[in-house]
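Trainee: quick one: sequence and predicted model below, then my questions.
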Amino acid sequence: MDMASTPPLLSVRGLRIEFGTDQGPARAVDDLSFDLDAGEVLGIVGESGSGKSVTALSIMGLLPTPPGRVTAGEILFEGEDLLRKSRNDMRKLRGNEISMIFQEPMTSLNPVFTIGDQLTEAVRWHERVSMATARDRAIEMLGKVGIPSPERRLADYPHQLSGGMRQRVMIAMALSCSPKLLLADEPTTALDVTIQAQILDLLRALQEEFRMAVIIITHNLGVVAEFADRVLVMYAGRTVEQASVEGVFDRPSHPYTEGLLASIPDLEADVLRLTAIPGTLPNPHELPPGCRFQPRCGYAREECTAASPPLLAVSPDHFAACIRHNGYRLDGAAAAMAVPGAR
Amino acid sequence: MTTAVDVAGQVDLRKRSFLQRYPMVRRLLRHKAFVVGAGLFLVISLVAIFADLIAPSDPSRMAVRFRFRPPSAEHWFGTDNLGRSQLSRIVYGARLSLGIGLAVVIMNAVFGVALGAASGYFKRLDNILMRVTDALMAFPPVLLALGIAAALGPSSLTAAIALAAVYIPRTARIVRASVLVVREMEFVQAAMAMGAGNFRILRKHVLPNCLAPLIVQLTFVFAFAVVTEATLSFLGLGSPPPTPTWGNMIAEGRQYIRDAAWITLIPGIALALTVLSLNLLGDGLRDVLDPRLKIAQD
């Protein structure tokens, strides 16, 4: 990572996403900032409703509007703000420069067309190539994602393939135009554990082959440990911790991350009760005062209710939104400036 | 090696029989009601298409000597009050009935799909379009068709337009409902993520997955159109006499129903058989195409 010299491939700054509801706007994502270099793998971890999928959709320009709306911030891709791009420009970018794969491989392919049809179509949306060239590319991509005898599979309909195979086809489709950035929204959640491992290995291999940046969104810390270079932990729409994979797993610095790691059952020991973080994610309409995790936090003190803590540097490349490491003081937060775009 | 496998794969595909490649067709052929309905409808269609060859005489040629002849070997369906051959009139009437039915179905397929797709896919249009269809659907179908036909003046064309106007909102409703379901499916989002535009998504990903209910709806529209067209011409708002339509024939024979019942009975039977065949066909298609009913049966 040569952070100083080249600008990041993707830079999200102060992103705020709101959803209009009957009780007024609910903030799904609040002041989210992160950078992603070319060829880097970022894992975004958080529980359901923490804002991770919405973040991915807003990068794709596919946020369902209404009710969703980006109300602040910018998403810079190669220096250009995606939020300011026209619909048509965004459409050209999607599938070409930025691709996405989804959670549900069983329903992500159109049941009435063959996979060959869908793969060649995806190529021809973005490149003026002949049917034969597109077909060759489709065969090549199917081979790359480890589908045996790809020529014959082209004539298959989605229902003739298993879930793992369909996810491979989805990956082939997403990568057919060699995107610079791949967003993988829980790509393995709907699959069997053995297939999960295969798909992750495949993604890792393809990421190295294509030298593309990947944002992998998951609630599975195991997936992150296996795949990601850097981790961003989200809680209730905010970043609570951001560090390298080693940093997060060896020295979790936010109580939420600590809780998540403690929730992983120990394979060696006999466990009668699984450890869990008490409480649930706060309702976006009734956020607690100060730190959003404070009501569930074992370390919480009165100071925690005063203000929402910014990301504070724990070490030069490790940030956590927790004032415990700062002696429960909000001031002296100058270190936070080390995170580009953070307050 | 690549081409060898490729060619082998293609040959393999061709070797499979038509029925193996299209299991849907096989399921349809196993459906008894569908086969009966489709067969009957095919016969009626052939009669309508080859009316010139089948009709023994000009449907409007009057032969006063042969008035009120009951069905016999010479006059299969008898003759009417003006001595016209009922067989010829039935056969030409079939052409008109099916022609109008087909025109209504085509108009429904074009405008119903366009309106339904637009309001299901583009949320901004939904409210406006659906309030218009609500307004049209508030009228009883026959009454609305009568009103439109009366306003435009009696002819086959106005009958077809009136019937289309009555059924297009209903078709649009059904298409809209399917589009609302399909547009939320993941493969639509996946297509968006691949950079497909709205119209391509509608044409390629949404509408093909809405076809099943549409096809079923159109067969019922066809049946309703045939009946309602007969109603309009019975009331004198369809094609005016002496055009042979089933509705006209029933209307003209009405006063002789005590003494020469065949004049009304035969067009009535023709009408009933046509509607029956379409309903059987539609039921069969629905059973085979609608996955929810299929699960209930298995």
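Mentor: Yes, it's here.
Trainee: name the SS class of B:I266, please.
Mentor: When classified by DSSP: H, G, I helix; E, B strand; the rest coil, B:I266 comes out as helix.
Trainee: identify the residues contacting it.
Mentor: Residues in contact with B:I266, defined by C-beta atoms under 8 Å, 6 or more residues apart in numbering or on different chains, are B:P71, B:F77, B:G78, B:Q86, B:I90, B:M249. Where you see a C-beta, it was placed from the backbone N, CA and C, and this is true even at glycine.
Trainee: quick one: which of those is most hemmed in?
Mentor: Among the contacts of B:I266, B:M249 has the most neighbours (other C-beta atoms under 10 Å in any protein chain shown), with 28 neighbours.
Trainee: from memory it sits against B:I263, does it?
Mentor: Yes - at 7.0 Å, B:M249 counts as touching B:I263 under the criterion of C-beta atoms under 8 Å.
Trainee: where do the contact lists of those two overlap?
Mentor: With C-beta under 8 Å, 6+ apart, B:M249 and B:I263 have common neighbours B:D80, B:Q86.
Trainee: buried stuff in stretch A:58-76?
Mentor: For stretch A:58-76, burial by neighbour count (16 or more other C-beta atoms under 10 Å in any protein chain shown) applies to A:58-63, A:68-70, A:73-76.
Trainee: swap in stretch A:162-171?
Mentor: Of all the residues in stretch A:162-171, those buried under the rule 16+ other C-beta under 10 Å are A:G164, A:M165, A:R166, A:Q167, A:R168, A:V169, A:M170, A:I171.
Trainee: same question, stretch A:138-157
Mentor: The neighbour-count check on stretch A:138-157 (16+ other C-beta under 10 Å) flags A:138-139, A:141-142, A:144-147, A:150-154 as buried.
Trainee: ok now that stretch, how far from the chain's centre?
Mentor: Centroid separation for stretch A:138-157 versus its chain: 27 Å, with C-alpha atoms, centre = their mean, to the nearest Å.
Trainee: quick check: mean pLDDT of that stretch?
Mentor: Stretch A:138-157 shows an average pLDDT of 88 in the prediction.
Trainee: which one of the contacts of B:I266 is nearest A:S48?
Mentor: Closest approach to A:S48 among those (C-beta to C-beta): B:I90, at 66.6 Å.
Trainee: residue contacts, the nearest residue to that closest one once chain neighbours are set aside?
Mentor: Closest residue to B:I90 apart from its sequence neighbours, by C-beta to C-beta, 6 or more residues apart in numbering or on different chains: B:A270 at 5.4 Å. Under the criterion of C-beta under 8 Å, 6+ apart, the neighbours of B:A270 are B:I90, B:G93, B:A94, B:W246.
Trainee: one more: B:N108?
Mentor: Taking C-beta under 8 Å, 6+ apart, we find B:N108 in contact with B:A164, B:Y167, B:I168, B:T171, B:Q217, B:L218, B:V221.
Trainee: what separation is there between the first one and chain A?
Mentor: Spelled out, it's B:A164. Shown here: B:A164 relative to chain A, a distance of 28 Å by C-beta to the nearest C-beta, to the nearest Å.
Trainee: wait, that residue sits on B:L102?
Mentor: No - assessed by C-beta under 8 Å, B:A164 is found out of contact with B:L102, at 11.3 Å.
Trainee: and the two? Which one has more around it.
Mentor: Higher neighbour count among B:A164 and B:L102: B:A164, with 24 against 16, using other C-beta under 10 Å.
Trainee: need the three-state assignment for that one.
Mentor: Under the three-state scheme (three-state DSSP), B:A164 adopts helix.
Trainee: which residue ranges form the helices in chain A?
Mentor: In chain A, helices defined by DSSP state H lie at A:52-60, A:87-93, A:115-126, A:131-144, A:150-153, A:163-175, A:193-210, A:221-227, A:245-250, A:255-262, listed in chain order.
Trainee: pLDDT score for residue 123?
Mentor: All of this is about chain A. Reported pLDDT at A:V123 in the predicted model: 85.
Trainee: actually chain B
Mentor: What the model reports as pLDDT for B:K123 is 83.
Trainee: cool, B:L29 as well?
Mentor: With respect to pLDDT, B:L29 scores 85.
Trainee: list the contacts of the closest residue to it other than its chain neighbours.
Mentor: Once flanking residues are discounted, B:L29 sits nearest to B:V35: 6.4 Å by C-beta to C-beta, 6+ apart. Neighbour list for B:V35: B:L28, B:L29, B:G284 [criterion: C-beta under 8 Å, 6+ apart].
Trainee: now these in CSV, with distance to B:L211, secondary structure and neighbour count?
Mentor: Shown next, in CSV, are these (distance: C-beta to C-beta, whole Å; DSSP: H, G, I helix; E, B strand; the rest coil; neighbours: other C-beta atoms under 10 Å in any protein chain shown):
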residue, distance to B:L211, secondary structure, neighbour count
B:L28, 14, helix, 18
B:L29, 19, helix, 14
B:G284, 16, helix, 24
